[in-house]
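*Asks:* From the sequence below, what's the structure:
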Amino acid sequence: MCFSASASFTASAVLLVSGIVAIRKIKDPKNNFHFIPFASIPFLFGLQQFSEGFVWLSLTHSYSASILQISISFFLVIAQVLWPVFVPFSIYLLENDSKRKKTLLAISIFGFFVAGYLAYCLLTYPFTATIRGNHIFYTLGFKHTEFAYSGIFYFIPTVLPALISSTKHMLYFGLTILVSFIFSKVYYGDYVISVWCFFAAILSVIITFIIWKANEISSVKKIPIE
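*Replies:* Numbering: from 1, shown residues only. This is a model prediction of the structure:
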């Protein structure tokens, strides 16, 4: 299968290691604390993929069916609630250009409200997951208008910050995330939550490169990524 429990667990292992490496690449973390949230994104994606691995197991093996709802909940909380806040704020912390920093702060605040809105929807409406073909289909019981708006609102804080940021290598990260989103939307429209999160998780390994390049210059003050 192109996506499976083994694929999720393998991706999880790679991402957890990448996240640890990215964090350890930060020189003088006490004085460069602003790097830590961004560097931890692969690690958090690793946890997300790990939870989806258990979604796969719960849907395909009766012995793990009891943890299905917990696994789905964990995956959706990270995918739908954490990222709209965490992604823009972590990029905001790295920004040095004052105008773009204000824009990123505004998007971070917007992302906070998006996360709150999606958290409310997850608490209010039922959700479940099923296997269709070789992919996991997440059924969110949102009303049609709420589901449509949530997709638009979600895109703004999770994709745009990396494209807005003046951090040089961040643009490559933003473009790859954007391309993966478009690809997932066009070819896997019914499975965007699962497929795009998988692609975004793998692509977040780029973050390790960004942190590595940033730490080619050692300084106790806040430094731009070169």
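*Asks:* Identify the residues contacting Ser108.
*Replies:* 85, 88-89, 92, 157, 161 (C-beta atoms under 8 Å, 6 or more residues apart in numbering). (Each C-beta comes from the backbone N, C-alpha and C, glycine too.)
*Asks:* In terms of helices and strands, where is it?
*Replies:* Using DSSP states H and E, Ser108 sits within helix 98-124.
*Asks:* Please compute how far that helix lies from its chain's middle.
*Replies:* On the basis of C-alpha atoms, centre = their mean, to the nearest Å, helix 98-124 sits 14 Å off its chain's mean C-alpha point.
*Asks:* pretty sure Leu175 is touching Leu163, no?
*Replies:* Yes - shown here, Leu175 and Leu163 form a contact pair, counting by C-beta atoms under 8 Å, at 7.3 Å.
*Asks:* Would you mind listing the residues touching both of these two?
*Replies:* By C-beta under 8 Å, 6+ apart, no residue touches both Leu175 and Leu163.
*Asks:* Buried residues of the helix holding Ser108, list them for me.
*Replies:* Buried residues in helix 98-124, counted by 16 or more other C-beta atoms under 10 Å: 100-101, 103-104, 107-108, 110-111, 114-115, 117-119, 121-122.
*Asks:* That helix: what's the following helix or strand?
*Replies:* strand 127-132.
*Asks:* In terms of secondary structure, what does that following strand contact?
*Replies:* helix 41-60, helix 68-76, strand 135-140 (3 or more C-beta pairs under 8 Å, 6 or more residues apart in numbering; DSSP states H and E).
*Asks:* For Val179, find the nearest of those.
*Replies:* With C-beta to C-beta as the criterion, Val179 lies closest to helix 41-60 of the helices and strands packed on strand 127-132, at 17.2 Å.
*Asks:* Run the chain-centre distance for the closest one.
*Replies:* That offset, for helix 41-60, works out to 12 Å (C-alpha atoms, centre = their mean).
*Asks:* Let me see the mean pLDDT of it.
*Replies:* The predicted model gives helix 41-60 an average pLDDT of 91.
*Asks:* Check which residues of it are buried.
*Replies:* For helix 41-60, by 16+ other C-beta under 10 Å, it's 41-59.
*Asks:* Spatially nearest residue to the spatially most central residue of the chain, not counting backbone neighbours?
*Replies:* By C-alpha atoms, centre = their mean, the chain has its centre lying nearest to Trp83, at 5.1 Å. Distances taken as C-beta to C-beta, 6 or more residues apart in numbering put Thr158 closest to Trp83, at 5.2 Å, once the chain neighbours are dropped.
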